[in-house]
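1. Provided below are the primary sequence and the corresponding predicted coordinates.
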Amino acid sequence: MKNLCVTLHLKTPLIPGKYPLNLDGLLYWAAYEGHKESDDAALEVLAKALDSENGVFKSSDLIYLQTPQGSIYQTTAVFPTTMKWREHKYPLAKRSIMELGGPYRSRLTSYSAISAQAVRFYAVGDADLIHYLLDSVLCIGRGNNQGHGEIGEIVIEEVEQDLSWYRVDRKSGETELQRCLPAATAEKVSALASTIADLPVTTIRSKPPYTSGPDHIGYSTTFKREVLRFL
């Protein structure tokens, strides 16, 4: 297991979800899809791809990259509005509703999206296995089945420090949380003592599958970006 920097170059804007996207969740679903949708098999693969400590994988939340060549800005993604016919008092087998006009016309729903040249994760893990799993992921974020958050190039590099859970800002010297951590785990990390003192405690899920995993009291990250001179 090595300290890694995982960069995903994006072709299309990404629609963020309600919670921060973590690399362990992304790799979990790649393994899940490739192992006949078995939770146990996916977690076994994930344990080989990423190191862990106190039951939490050593992987960061998604970080947006800003460079002189590519800024970060908010845009809009538009999808056809889903019409749930069960909401209307018409027989499903004999409905005759005008969809080109009137109150039941087809509509479009807008979602906030973020355009960035690339996004990044930090991790401690097996670079080859991580790359293999990411190769099967076409898009990330919400609306990924419709081409949003499309991955172009995957670049995995070895770095000196473990930046998966936290990092120290070079200019301010302040420690920044890099992923959601349970309170019991964060309190054991001495470097995070001053950081978590200023963070609100909230309910989080700290390991995949995030859709059904247990809830913990802990600390969460917010929108994260990294400014680079070049990419």
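-> Looks like it came in fine. Numbers count the residues shown, from 1 in each chain.
2. Buried residues of the lowest-mean-pLDDT helix or strand in the chain, list them for me.
-> Scoring the helices and strands of the chain by mean pLDDT, DSSP states H and E places strand 73-80 at the bottom, with a mean of 83. Of all the residues in strand 73-80, those buried under the rule 16 or more other CB atoms under 10 Å are residue 77. From N, CA and C alone the C-beta is placed, and that goes for glycine too.
3. Tell me the strands beside that strand, with direction?
-> When pairing is defined by DSSP bridges, strand 73-80 lines up against strand 108-115 (antiparallel).
4. circling back: mind saving the C-alpha coords of the least confident helix or strand of the chain as CSV?
-> Coordinates of each C-alpha in strand 73-80 appear next as CSV, following Å, rounded to 0.1, in the frame of the first residue of the first chain:
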residue,chain,number,x,y,z
TYR,A,73,-17.7,27.3,-12.2
GLN,A,74,-21.4,26.4,-11.7
THR,A,75,-23.5,25.4,-14.6
THR,A,76,-26.8,23.7,-15.3
ALA,A,77,-27.8,20.2,-16.4
VAL,A,78,-31.2,19.7,-17.8
PHE,A,79,-33.2,16.4,-17.9
PRO,A,80,-36.8,15.6,-19.0
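5. what's the spacing between it and its chain's center?
-> Centroid separation for strand 73-80 versus its chain: 18 Å, with CA atoms, centre = their mean, to the nearest Å.
6. Check stretch 161-168 too.
-> Worked out by CA atoms, centre = their mean, stretch 161-168 lies 17 Å from the chain centre.
7. Could you tell me the end-to-end distance of it?
-> Using CA to CA, to the nearest Å, one end of stretch 161-168 lies 10 Å from the other.
8. That one: which residues count as buried?
-> Within stretch 161-168, the residues scored as buried using 16+ other CB under 10 Å are 162, 163, 164, 165, 166, 167.
9. Those in strands, which ones?
-> Counting by DSSP state E, the buried residues of stretch 161-168 place 166, 167 in strands.
10. List the strands paired with the helix or strand harbouring residue 153, with their directions.
-> Using DSSP states H and E, the element containing residue 153 is strand 151-158. Each strand paired with strand 151-158, and its direction, by DSSP bridges: strand 2-10 (antiparallel).
11. The partner strand: which residues count as buried?
-> 3, 4, 5, 6, 7, 8, 9, 10.
12. Would you confirm that residue 166 contacts residue 178?
-> Yes: judged on CB atoms under 8 Å, residue 166 makes contact with residue 178 at a distance of 5.3 Å.
13. picking that back up, pLDDT of the strand holding residue 153, averaged?
-> Mean per-residue pLDDT for strand 151-158: 96.
14. For residue 107, which non-adjacent residue is spatially closest?
-> The spatial neighbour of residue 107 that comes closest, neighbours along the chain excluded (CB to CB, 6 or more residues apart in numbering), is residue 81 at 4.1 Å.
15. Many thanks, I have nothing further to ask.
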